[in-house]
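Take this sequence and fold it.
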Amino acid sequence: MTVRRSAAMLAATTAAVLCAAAPVAVAAPSPSPTPSVALPAGLYGTKDPTYDGVWRQSLAFLAQRVEGVTPAAKSVDWLIGQQCANGAYAAYRPDASKPCDAKTVLDTNATAIAVQALAEVGGHGETVNDSVRWLKSVQNEDGGWGYAAGAPSDANSTSLVIGALARQGQRLADIVTPDGKSPYDPLLALSIPCGEKDGGAFAYQPDKAGKLVANADATAAAVLGSMGKAQATGNNAAAKGTSCRPAASGSALTPEQAAQNGAHYLAGALAAKGHLDLAPMPGAEDSAPQPDIGNTADAVVALSASGHQDKAAEAVAWLKKNSGAWAEQNGPAAYAQLVLAAHATGNDARDFGGVNLVDKLNATGPKPAAITTPDPSADTGYEATEKDRVHSGDDVIGGVWWFVGIGLVVGAGVGFLISGRRKNQQL
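Model (predicted):
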């Protein structure tokens, strides 16, 4: 996962909405500079939040909650205050006292991750419901979502929204377009068939020629999305063999099959070096590849969630040795990614390669309201079933988890990381 959105990605997405342009591959963004103006007191991180303020705040909350940390009230209030009157979020609103207008770029990714975060924090049902209503209102005709409302569906955005809807208690099978398209349909359309080059991987979007090009970032997101899982998943120690299996003759590929095929691709991509590499910058194709720490952490979570924790072990070991400086440079979202990877694989986030990721994350924001060290032997992950999901039609109501407690981590909702936020990494 790219820790921050880049201005280039935002501009490309806006152009796509206004001009129906073809998908644009965007290079990995550079770290945002430290802003020259004072940041809001409740915001996590010290760098320019223009493109990732809501994202990094929400991701921090998710990681804190899986580790028994309750964020400060002023931090939660800041996130709630970023919401527009229609329930949507932008990437960041420097002056939330001004109402959102036609110039506000409403962001499905920021909205979906805020839904997941506030659902985990608990006690903000109406705020979450308003955001879910908006997400459902901007579903594309193919069943998916793009980074901005009306943008072509992509694997990352669709997966992240699936996670938000499922985490809130929606029954995904009931969220269909007038043509009967479900949120899973665009993901299945982006799955590269077995037997082809990079079979099992997902594309971010079709390229200009309509071809599906493997994208590790999109694959990690779509593995979770195809399983209806959220970003904060529980420790799944089950072990399955990986393989790319096509649909049975005369049958369509199922979401579970697509997820397992994607896991097979990720396992192979990690096997070579124990980590993923960044896509080369334009004009620098001959330069030595650089490790992609964020997407490696994403792949670890996806593999564990899909029952292949053993295939993630080498990558976890690599992250323990190599992620410290990266996280320190990139701040709260980076620490949060590592916490979620540690949690998903049963590792101790308070001693991850000798680093206490939880303390490091907490230090990027206001002092937490409370800290309860969880029992490392207990799995706080939760797999919601159709019985647990709430069928609400056009009315959005709180899922059962608001009544169970704010400390539980859902494994039933999905999404992985910043889709419009992400680069179009090709492997």
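
hey, where'd the strands end up in this protein?
For the chain, applying DSSP state E gives strands covering 69-70, 276-277, 291-292, 370-371, 381-382, 409-410.

Sheet partners, orientation included, of the fourth one?
Within its sheet, strand 370-371 is paired with strand 69-70 (antiparallel), according to DSSP bridges.

pretty sure residue 262 is touching residue 201, no?
Yes. Between residue 262 and residue 201 there is a contact under CB atoms under 8 Å: 6.5 Å. Quick note: C-beta positions are derived from backbone N, CA and C, even for glycine.

Would you mind listing the residues touching both of those two?
191, 219 (CB atoms under 8 Å, 6 or more residues apart in numbering).

between those two, who's got more neighbours?
Using other CB atoms under 10 Å as the criterion, residue 262 and residue 201 rank with residue 262 on top: 36 against 28.

For the nearest residue to that one once chain neighbours are set aside, list the residues it contacts.
Among residues not flanking residue 262 along the chain, residue 223 sits closest, at 4.2 Å (CB to CB, 6 or more residues apart in numbering). By CB under 8 Å, 6+ apart, the contact list for residue 223 reads 202, 259, 262, 263, 266, 302, 303, 305, 306.

can you redo the residues you listed as TSV with pLDDT and distance to residue 294?
Shown next, in TSV, are those (pLDDT from 0 to 100; distance: CB to CB, whole Å):
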residue	pLDDT	distance to residue 294
202	98	17
259	96	21
262	97	18
263	96	19
266	97	14
302	96	13
303	96	15
305	94	17
306	94	19
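
any idea which of those has the most stuff around it?
The most neighbours of any of the contacts of residue 223, using other CB under 10 Å, belong to residue 262, which has 36 neighbours.

separation between that residue and residue 62?
22 Å (CB to CB, to the nearest Å).

Repeat that for residue 246.
Residue 246 sits 35 Å away from residue 62, going by CB to CB.

thinking residue 232 is in contact with residue 65, fair?
Yes. Using CB under 8 Å, residue 232 is in contact with residue 65, at 7.1 Å.

With neighbour numbers in mind, choose between those two.
Applying other CB under 10 Å to residue 232 and residue 65 shows that residue 232 carries more neighbours, namely 31 against 24.

list the contacts for residue 101?
So residue 101 contacts nothing (CB under 8 Å, 6+ apart).

Could you measure from it over to residue 149?
With CB to CB as the criterion, residue 101 and residue 149 are 14 Å apart.

just for the stretch 101-250 of the chain, where's the confidence low?
Along the stretch 101-250 of the chain, the parts satisfying pLDDT under 70 run over 235-240.

quick one: the helices in the stretch 151-300 of the chain?
For the stretch 151-300 of the chain, applying DSSP state H, counting those that start in this stretch gives helices covering 155-168, 184-189, 216-227, 255-271, 293-305.

Serialize the ones you listed to CSV and add fields for distance to residue 323.
Formatted as CSV, those follow (distance: least, CB to CB, whole Å):
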stretch, distance to residue 323
helix 155-168, 21
helix 184-189, 28
helix 216-227, 16
helix 255-271, 15
helix 293-305, 5
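
Fine by me, we can end here.
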